[in-house]
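Participant: got a predicted structure here, sequence first:
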Amino acid sequence: MTDPEIPSVGAPDAAPATPPVGAMSNLTKRVLASIVMIAVASVCLALGGLAFWLLAVVVALFMMAEWSDLLKIERPRKQLAQFALSVPLAIMAPGLAAGPGFFALGLIAGVFFFLTIISRRPDYGAGALYVGLPVFSLLAIRLHDDGLALSLWAMALVWACDSGAFFVGRQFGGPKLAPAISPAKTWSGLIGGVAAATLLAAAMHVYHGLPMFLVIATPLLAVLAQMGDLFESWLKRRAGVKDSGNVLPGHGGVMDRLDGIVPVAPVAAFLIFLPDLF
């Protein structure tokens with residue numbers, strides 16, 4: 001998530017402070033932009049198929065570029081990483097190629113080794129895993145028999161966690177969660193985020209029949225989402241930047257918006273498909 005002086009929707013939380021002049025208008029702009037982004041994601045998710053895949057591809061390529069920028073990778077190598085990642089992304093196209101399966105997983109691993117070998121930088125190659133695995137996971141979940149609801153759960157629990165953490169942390173403040181990495185985040189925000197995500201899962205269980213074991217797993221996934229947020233904050237702090245990019249006006253980069261989904265999606269996919277293994 002982005003780490004501005006004025007917290008954005010999607011950031012876990014911020015300590016109470018007197019907002020500067022214009023802060024509310026800026027916050028309103030961020031909220032409206034978040035609504036638009038969630039609406040676009042929701043429409044593509046509902047349509048599924050190539051629409052959802054195309055959105056995932058665009059997001060993945062932006063994220064790969066931002067990962068390279070945070071590592072201060074030169075432009076030719078950044079473009080090479082995008083081109084290399086486009087191979088497994090293309091293979092995952094539903095209806096046109098093999099789709100998200102073991103072949104695509106193997107290609108993602110291959111991109112990791114390729115980028116690592118040519119650069120002798122495992123952190124550069126790790127971008128293929130950071131970007132490729134959550135894309136693979138979300139596309140695989142969407143193809144499940146109940147893919148729409150399960151994909152919505154996996155993504156919405158992160159949105160609910162982010163929103164709950166932001167508003168509870170802003171309201172109550174308190175001890176910092178990880179002041180050396182992200183000074184704005186608080187323990188109260190973490191608790192609020194976990195509670196919001198859990199309430200969402202419980203509602204989906206009541207009204208849509210979300211399996212109870214996924215409801216039980218939701219608090220752990222919400223914590224994982226916050227850890228993803230902190231990891232990206234650490235990357236930005238190490239790089240000496242406030243945002244991962246500037247492609248989203250008022251929001252920073254794509255990684256700033258999706259850092260919580262990155263660790264949640266693969267674990268959610270594992271939990272969803274685990275019963276099919278037995």
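Facilitator: It's in.
Participant: residue boundaries of the strands in the stretch 101-250 of the chain?
Facilitator: 176-178, 182-186 (DSSP state E, counting those that start in this stretch).
Participant: pipe those into a markdown table and attach mean pLDDT per row.
Facilitator: Below are the strands of the stretch 101-250 of the chain laid out as a markdown table (pLDDT from 0 to 100):
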| stretch | mean pLDDT |
| --- | --- |
| strand 176-178 | 90 |
| strand 182-186 | 88 |
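Participant: in TSV: the ones you listed, plus mean neighbour count and distance to Ala265.
Facilitator: All C-beta atoms are positioned from the backbone trio N, CA, C, and that covers glycine. Converted to TSV, the strands of the stretch 101-250 of the chain look like this (neighbours: other C-beta atoms under 10 Å; distance: least, C-beta to C-beta, whole Å):
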stretch	mean neighbour count	distance to Ala265
strand 176-178	19	22
strand 182-186	24	21
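Participant: redo the ones you listed as JSON lines? Include distance to Ile272.
Facilitator: What follows is the strands of the stretch 101-250 of the chain, written out as JSON lines (distance: least, C-beta to C-beta, whole Å):
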{"stretch": "strand 176-178", "distance to Ile272": "29"}
{"stretch": "strand 182-186", "distance to Ile272": "29"}
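Participant: and those: which comes nearest Gly245?
Facilitator: Nearest to Gly245 among the strands of the stretch 101-250 of the chain is strand 182-186; the distance by C-beta to C-beta comes to 17.7 Å.
Participant: who does the closest one touch, helix- and strand-wise?
Facilitator: helix 147-172, strand 176-178, helix 212-239 (3 or more C-beta pairs under 8 Å, 6 or more residues apart in numbering; DSSP states H and E).
Participant: could you look over these and pick the most buried one?
Facilitator: Of all the helices and strands packed on strand 182-186, helix 147-172 has the most neighbours on average by mean count of other C-beta atoms under 10 Å, namely a mean of 23.
Participant: distance from the chain centre to it, please.
Facilitator: Mean-position distance between helix 147-172 and its chain equals 11 Å (C-alpha atoms, centre = their mean, to the nearest Å).
Participant: kindly report the same for stretch 166-174.
Facilitator: Using C-alpha atoms, centre = their mean, the distance from the centre of stretch 166-174 to the centre of the chain it belongs to is 22 Å.
Participant: how about stretch 244-256?
Facilitator: Remark: stretch 244-256 is offset 13 Å from the chain centroid, using C-alpha atoms, centre = their mean.
Participant: just stretch 228-236 next, same as before
Facilitator: When C-alpha coordinates are averaged (C-alpha atoms, centre = their mean), stretch 228-236 and its chain have centres 11 Å apart.
Participant: so where is the stretch 1-150 of the chain shaky, pLDDT-wise?
Facilitator: 1-27, 29 (pLDDT under 70).
Participant: returning to what we had before: between the strands of the stretch 101-250 of the chain, which one is closest to Phe52.
Facilitator: strand 182-186 (30.6 Å).
Participant: that closest one pairs with which strands?
Facilitator: Sheet pairing for strand 182-186, assigned by DSSP bridges, gives strand 176-178 (antiparallel).
Participant: ok so, going back, redo the helices and strands packed on strand 182-186 as JSON lines? Include distance to Leu115.
Facilitator: Formatted as JSON lines, those follow (distance: least, C-beta to C-beta, whole Å):
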{"stretch": "helix 147-172", "distance to Leu115": "27"}
{"stretch": "strand 176-178", "distance to Leu115": "29"}
{"stretch": "helix 212-239", "distance to Leu115": "17"}
